[in-house]
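Enquirer: Let's see this in three dimensions:
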Amino acid sequence: MNLSGTELFRGLSESEIASLLECLGAAERSYQKKDIILSEGIVTENLGIVLSGMAVVSCDDIWGGTSILGTVAPGSVFAEAYACIPKEPLQVTVSAAEDTSVLFLNIGRVLTTCTSACAFHTQLVRNLLTVCARKSLLLSRRIQHTSSKSIRGRLMSYFSECARHSGSDSFLIPYNRQQLADYLNVDRSAMCSELSKMQKDGLIVYRKNRFLLKT
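Expert: Residues are numbered from 1 along each chain as shown. Okay, here's the model as predicted:
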């Protein structure tokens, strides 16, 4: 993919990116659907950029329950917070939702300005800070979506954000039903039942992952 179009490399030309990749310890790896990319409990010194496919970030409890924390689309970064903190074990698992290609960058080399590319290395560090700040906002939004005590309240909170983000009352969501239930921290069957009730009540219309809010 064109890395200059990603948030991490925004503002950099292809030639500048090529120079940076030579000194950042860049390594590309491919994963098949359901492969584990990074396991909970490991320590990593690398941040990852999804080049193609889709990754899912999840967390398991001691009883085997899984919560979906989010997805990582092409061009997006993951594990940057853990990579920035020395010896900090991952509290999440990153897995491939489909066949996925990932570019890994050594965080030590990212944060240390190199002599051959210092003119644009600073821009890379600024971009990384923006990525981290954006992730913090996304976490705050998930907390907001799960703050309602009712399933309907959680669904409407999430759907409202999707509509605002897409600029339309009609939008696609990136989750299947189980993933959406995990993301909102609700029971899948109860959530599906609530979706049906919301459609009967004239609040939404949906078909698979396409939703339309009736306002």
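Enquirer: Looking at the chain, which helix is longest?
Expert: helix 118-145 (DSSP state H).
Enquirer: my guess is Phe104 is in a helix, correct?
Expert: No: per DSSP: H, G, I helix; E, B strand; the rest coil, Phe104 lies outside any helix segment and is strand.
Enquirer: partner strands of the lowest-mean-pLDDT helix or strand in the chain, parallel or antiparallel?
Expert: In the chain, no helix or strand scores lower on mean pLDDT, DSSP states H and E than strand 66-72, which sits at a mean of 82. Applying DSSP bridges, strand 66-72 is found paired with strand 55-60 (antiparallel).
Enquirer: Give the buried residues for the least confident helix or strand of the chain.
Expert: 67-72 (16 or more other Cβ atoms under 10 Å). From N, CA and C alone the C-beta is placed, and that goes for glycine too.
Enquirer: List just the nearest of those to Phe211.
Expert: Closest approach to Phe211 among the buried residues of strand 66-72 (Cβ to Cβ): Thr71, at 16.5 Å.
Enquirer: What about the closest residue to that closest one other than its chain neighbours, how many residues nearby?
Expert: Among residues not flanking Thr71 along the chain, Pro174 sits closest, at 5.0 Å (Cβ to Cβ, 6 or more residues apart in numbering). By other Cβ atoms under 10 Å, 15 other residues sit near Pro174.
Enquirer: got it, and Ile17?
Expert: Ile17 has 21 nearby residues by other Cβ under 10 Å.
Enquirer: For this protein, which segments are assigned as strands?
Expert: For the chain, applying DSSP state E gives strands covering 27-31, 36-38, 46-52, 55-60, 66-72, 77-78, 93-96, 100-106, 170-172, 204-207, 210-213.
Enquirer: So which of the ones you listed is the most surrounded?
Expert: strand 77-78 (a mean of 23; mean count of other Cβ atoms under 10 Å).
Enquirer: Direction included, what does that strand pair against?
Expert: Strand pairing (DSSP bridges) places strand 77-78 next to strand 46-52 (antiparallel).
Enquirer: can you give me the angle the strand it pairs with makes with helix 118-145?
Expert: 80 degrees (axes from the mean of the first three to the mean of the last three Cα atoms, to 10 degrees).
Enquirer: Report the rounded mean pLDDT for strand 46-52.
Expert: Averaged across strand 46-52, the pLDDT comes to 96.
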